[in-house]
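A.B. asks: Structure for the following, please:
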Amino acid sequence: MQYVPLRSKYRIGTRQSELALVQTESVIEQLHKFYPNIEYEIIKIKTIGDKNLLDPLANIGDKGLFTKELEVELNRNTIEFVVHSLKDVPSTILPPNMIIGAILERADPRDAVVIAPWHNKKSLNELSHGSIIGTSSTRRIAQLKLNYPQFIYKNIRGNMNTRWEKLNNQELGYDAMIAAVAGLQRLKWTDRISEIIEPDRVLYAIGQGALGIECRHNDIDTIRMLSVLNHEPTVVCCIAERAFLRRIGGGCSIPNAVRTVYNEKGLIIDGILLNLDGSRFVKDCVENSDLTISTTTTKNGSTFFVSHSDDDLSLPDDDIQSIDRYSNGMNSKKQLTELNINSIHVPIPSTSTSQSSSPSLSTTTTEVVPLLRHYAHVCGVNINETILENAELCGTNLAVKLMQMGADSILEEIHQNVTVIPPP
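C.D. replies: Here you go, the predicted model:
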C-alpha cells in the first residue's frame with residue numbers, strides 16, 4: 001500500500017544553477033506521478049562552491065562545498081528536503097540529523113570530452129600535443145595524466161553554462177573540457193559530446209550520475225514520502241561506493257574513483273586512489289556473488305554485525321585474498337559489535353494536519369519512533385537490509401584492500417601538497 005504524505009506542500013532546497021533546477025524539476029515530475037495532489041515549492045540557495053569560482057575545488061576544502069548552506073536551511077526547518085547531485089554529498093560526514101532519504105535511477109555515470117567548437121576534432125587522441133584540457137577535478141586530472149600525459153590540464157570552474165562559455169572563448173585557450181555525461185544529458189546538450197571516456201581509462205566519481213535527496217533523519221514523513229523514488233540497483237551501487245569513500249577518506253582534493261556493477265544479486269566494485277599527478281596509484285576490486293546471503297554471525301543467541309562505524313575495519317594480511325568472498329565468512333581483528341537501532345522522541349503530525357496547505361505542521365503529538373537504519377548515510381526504505389549491509393561491506397573492504405596496498409602513503413603525500421584556502 002502506497003504511503004499517504006502528511007503534508008500537502010513540501011519545500012525543496014536546490015542550488016541556483018540551470019542544471020540544479022532541471023534536476024529538481026525532474027524530481028518533482030516523478031513525485032507528481034505518485035502524489036498528484038501535493039504541491040512543491042523550490043527554494044534557491046547559493047553554496048560555498050557556487051560563490052568561489054576562481055580557486056580549484058581541492059583548495060577550497062573537502063566538506064560540503066555544494067551542500068552546507070542547503071543543510072543549514074534543512075536544520076532550520078525552512079525546507080523539507082534538498083535535491084543534490086549525489087557526487088556532491090560527502091560520505092565521510094553528514095550533519096548528525098541529516099540522511100539521504102532517496103536515490104533515483106542513475107544516469108550514465110561516465111565522463112565526456114567536449115572539444116572546443118572551432119576544432120574539427122572528435123576525440124582526445126586527435127588533439128595535438130600540448131592541448132589544454134579544462135577540468136577542476138583532481139580525480140579526472142590524475143587519471144587522464146596516466147592515459148594522456150601529452151596534454152596540459154587547466155582549472156575550469158563554474159556551472160555547466162559558465163564552463164561552456166569559457167570553452168567557447170578562444171582567448172582563454174581551452175581546447176576541450178571534461179564533464180559528466182549525465183549533466184550534459186539532463187541539459188539536453190548531448191550534441192556537444194565529442195567522446196565518452198570509458199571506465200577502463202577513467203573511473204567515475206562516487207555517486208556520479210545519480211540524484212540524492214537529503215532530508216532530516218527524524219522527518220519520517222518526508223523519508224516515507226521520498227522512498228517511492230528509490231531505485232534499488234542504484235541505491236545498492238551508491239551505498240557500496242559511498243562506503244568505499246567513507247573508509248578511504250577524501251573529497252575534492254583526493255583523486256579516487258570507482259566503477260560498480262550490480263546484477264540484482266551480485267556486485268563488483270572497482271576502485272582506485274591516485275596521487276595528484278597520477279604517477280602513483282593503488283587499484284583493486286571486490287566482488288560478492290550474492291548480496292542476499294547474510295554476513296551476520298551468532299554467539300550465545302545474540303546477533304552481531306561487523307561495525308558500521310568509521311573506525312578501521314582491518315583484516316589479517318593472509319586474509320586479503322578472501323575478502324572478495326566475505327559472504328562465506330570474514331575474519332576481523334576488530335571486535336564485532338551488537339547492532340542497536342536508537343529511538344528518539346519525534347513530533348508526529350496528527351491526521352488533522354494532513355489536508356493543511358501550510359508547509360509547517362502546527363498540530364503534533366509526541367511519541368517515540370525508531371530512527372531508520374542507514375548505510376553510508378543512505379536510508380534504503382523497502383529494500384532488503386541484508387543486501388544494503390553487504391553492499392556497504394563491499395565498499396568498506398575495497399578501501400581496506402587499497403589501504404593495505406599503500407593508500408596511506410599516497411594520502412599523506414596529497415595532504416602535504418594541497419593548501420586549503422579558508423572561506424571568507
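A.B. asks: Measure how buried the residue lying closest to G134 once chain neighbours are set aside is and give me the count.
C.D. replies: Residue nearest to G134 in three dimensions, not counting chain neighbours: I156, with 3.2 Å by Cβ to Cβ, 6 or more residues apart in numbering. Where C-beta positions appear, they are placed from N, C-alpha and C, glycine not excepted. Neighbourhood size, I156 [other Cβ atoms under 10 Å]: 22.
A.B. asks: so I156, which of the three states?
C.D. replies: With DSSP: H, G, I helix; E, B strand; the rest coil as the basis, I156 sits in coil.
A.B. asks: from memory it sits against I132, does it?
C.D. replies: No: taking contacts as Cβ atoms under 8 Å, I156 lies outside contact range of I132: 9.4 Å.
A.B. asks: Could you name every residue contacting both of those two?
C.D. replies: Taking Cβ atoms under 8 Å, 6 or more residues apart in numbering as the criterion, I156 and I132 both touch Y174.
A.B. asks: Quick check: which element contains I206?
C.D. replies: Counting by DSSP states H and E, there is no helix or strand that carries I206.
A.B. asks: before we move on, the earlier item: in contact with the residue nearest to G134: list those residues for me.
C.D. replies: Shown in contact with I156 (Cβ under 8 Å, 6+ apart): 134-136, 163, 166-167, 174, 177.
A.B. asks: where's it relative to W164, distance?
C.D. replies: 10 Å (Cβ to Cβ, to the nearest Å).
A.B. asks: Likewise for A142?
C.D. replies: Between A142 and W164 the distance is 24 Å, computed by Cβ to Cβ.
A.B. asks: my guess is E25 is in a helix, correct?
C.D. replies: Yes: assigned with three-state DSSP, E25 falls within a helix.
A.B. asks: Could you list which residues are in contact with the closest residue to it other than its chain neighbours?
C.D. replies: Take E25 and drop its neighbours on the chain: the residue closest to it by Cβ to Cβ, 6+ apart is I42, 7.9 Å away. Listed by Cβ under 8 Å, 6+ apart, the contact partners of I42 are 12, 14, 21, 24-25, 28.
A.B. asks: The closest residue in space to Q143 that isn't next to it in sequence: which element?
C.D. replies: With Cβ to Cβ, 6+ apart as the criterion, Q143 has its nearest non-adjacent residue at 4.5 Å, and that residue is V202. Using DSSP H and E, V202 maps to neither a helix nor a strand.
A.B. asks: Verify the stated contact: V202 with D111.
C.D. replies: Yes: assessed by Cβ under 8 Å, V202 is found in contact with D111 at 5.5 Å.
A.B. asks: what do those two both touch?
C.D. replies: Joint contacts of V202 and D111 (Cβ under 8 Å, 6+ apart) are R140.
A.B. asks: Who has more neighbours out of those two?
C.D. replies: A count of neighbours by other Cβ under 10 Å puts D111 above the other of V202 and D111, at 28 against 22.
A.B. asks: Surely the more buried one and V181 touch.
C.D. replies: Yes: counting by Cβ under 8 Å, D111 does reach V181; the two are 6.7 Å apart.
A.B. asks: okay, and the common contacts of the two?
C.D. replies: Residues touching both D111 and V181 (Cβ under 8 Å, 6+ apart) are I196.
A.B. asks: From I223, how far out is I196?
C.D. replies: Taken as Cβ to Cβ, the span from I196 to I223 is 35 Å.
A.B. asks: The two: who's more crowded?
C.D. replies: Set I196 next to I223 and count neighbours by other Cβ under 10 Å: I223 wins out with 22 against 13.
A.B. asks: show me what contacts the more buried one?
C.D. replies: 99, 101, 215, 372, 379, 381.
A.B. asks: Export the residues you listed to TSV and append columns for pLDDT and secondary structure.
C.D. replies: Shown next, in TSV, are those (pLDDT from 0 to 100; DSSP: H, G, I helix; E, B strand; the rest coil):
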residue	pLDDT	secondary structure
I99	94	strand
G101	96	strand
C215	96	strand
L372	80	coil
C379	92	coil
V381	89	coil
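A.B. asks: export the residues you listed to CSV and tack on neighbour count and distance to I79?
C.D. replies: Below are those laid out as CSV (neighbours: other Cβ atoms under 10 Å; distance: Cβ to Cβ, whole Å):
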residue, neighbour count, distance to I79
I99, 23, 15
G101, 30, 13
C215, 26, 9
L372, 17, 20
C379, 23, 18
V381, 17, 20
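A.B. asks: Which one of those is nearest to L74?
C.D. replies: Set against L74, the nearest of the contacts of I223 by Cβ to Cβ is C215 (7.0 Å).
A.B. asks: Isn't that closest one up against L226?
C.D. replies: Yes: C215 lies in contact with L226 (Cβ under 8 Å); the separation is 6.8 Å.
A.B. asks: between the two, what contacts are shared?
C.D. replies: By Cβ under 8 Å, 6+ apart, the residues touching both C215 and L226 are 81, 101.
A.B. asks: Quick check: phi and psi on I196?
C.D. replies: Dihedral angles of I196 (phi, psi; degrees, to the nearest 10) stand at phi -100, psi 130.
A.B. asks: OK, contacts around it?
C.D. replies: Neighbouring residues of I196 by Cβ under 8 Å, 6+ apart: 108, 110-113, 181.
A.B. asks: And for L273?
C.D. replies: Listed by Cβ under 8 Å, 6+ apart, the contact partners of L273 are 248, 250, 254-256, 281-283, 402, 407, 410-411.
A.B. asks: Next one: it from Q208, what distance?
C.D. replies: Going from L273 to Q208 by Cβ to Cβ gives 16 Å.
A.B. asks: on that earlier part again, kindly reformat the contacts of I196 as a markdown table containing distance to H119 and secondary structure.
C.D. replies: Output for the contacts of I196, formatted as a markdown table (distance: Cβ to Cβ, whole Å; DSSP: H, G, I helix; E, B strand; the rest coil):
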| residue | distance to H119 | secondary structure |
| --- | --- | --- |
| D108 | 23 | coil |
| R110 | 21 | coil |
| D111 | 18 | strand |
| A112 | 15 | strand |
| V113 | 11 | strand |
| V181 | 20 | helix |
